[in-house]
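Q: Kindly generate the corresponding structure for this input.
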Amino acid sequence: MALLSIDDPDWAELTGITTIRQPTYDIGYRAVEFLHERIEGVQTSARDCLLPGELIVRASTAS
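A: Numbering: from 1, shown residues only. I've put the predicted structure just below:
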């Protein structure tokens, strides 16, 4: 059995749980960029914004 968490909370390192760390600053920055575009009246269709995450391997999934 393996265990994985999202967002890499502080307790995950203490307990040895593997996590996926999300680029939270970049997510917020892009969200504000998109919001400013909407406020300025830019009409765009729905779009994807893919940002790289980071896998932090710890004891819960190490072989």
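
Q: Please report phi then psi for Ile39.
A: Reported as degrees, to the nearest 10, the phi and psi values for Ile39 are phi -60, psi -40.

Q: Distance check, it against Gly53.
A: Remark: distance between Ile39 and Gly53 (Cβ to Cβ, to the nearest Å) = 29 Å. Backbone N, C-alpha and C define where each C-beta goes, glycine included.

Q: for Glu33, same thing?
A: With the distance defined as Cβ to Cβ, Glu33 ends up 19 Å from Gly53.

Q: Next, please give the residue ranges for the strands of this protein.
A: Counting by DSSP state E, the chain forms strands over residues 4-6, 18-21, 54-56, given from the N-terminal end onward.

Q: Please identify the most buried of these.
A: strand 18-21 (a mean of 17; mean count of other Cβ atoms under 10 Å).

Q: Adjacent strands (with direction) for that one?
A: The strands beside strand 18-21 in its sheet (DSSP bridges) come out as strand 4-6 (parallel), strand 54-56 (antiparallel).

Q: Once you drop chain neighbours, what's closest to Ala59?
A: In space, not counting the residues next to it along the chain, Ala59 is nearest to Gly16; the distance is 3.5 Å by Cβ to Cβ, 6 or more residues apart in numbering.

Q: Contact partners for the one you found?
A: Gly16 makes contact with Arg58, Ala59, Ser60, according to Cβ atoms under 8 Å, 6 or more residues apart in numbering.

Q: related to what we said a few turns ago, of Glu33 and Gly53, give the one with the bigger neighbour count.
A: Relative neighbour count places Gly53 above the other of Glu33 and Gly53, with 14 against 10, counting by other Cβ atoms under 10 Å.

Q: per-residue confidence at that one?
A: Each residue has a pLDDT score; the one for Gly53 is 96.

Q: for the one 10 residues further on, same thing?
A: According to the prediction, Ser63 has pLDDT 64.

Q: how far away is Leu51 from Thr19?
A: Using Cβ to Cβ, one gets 16 Å for the distance from Leu51 to Thr19.
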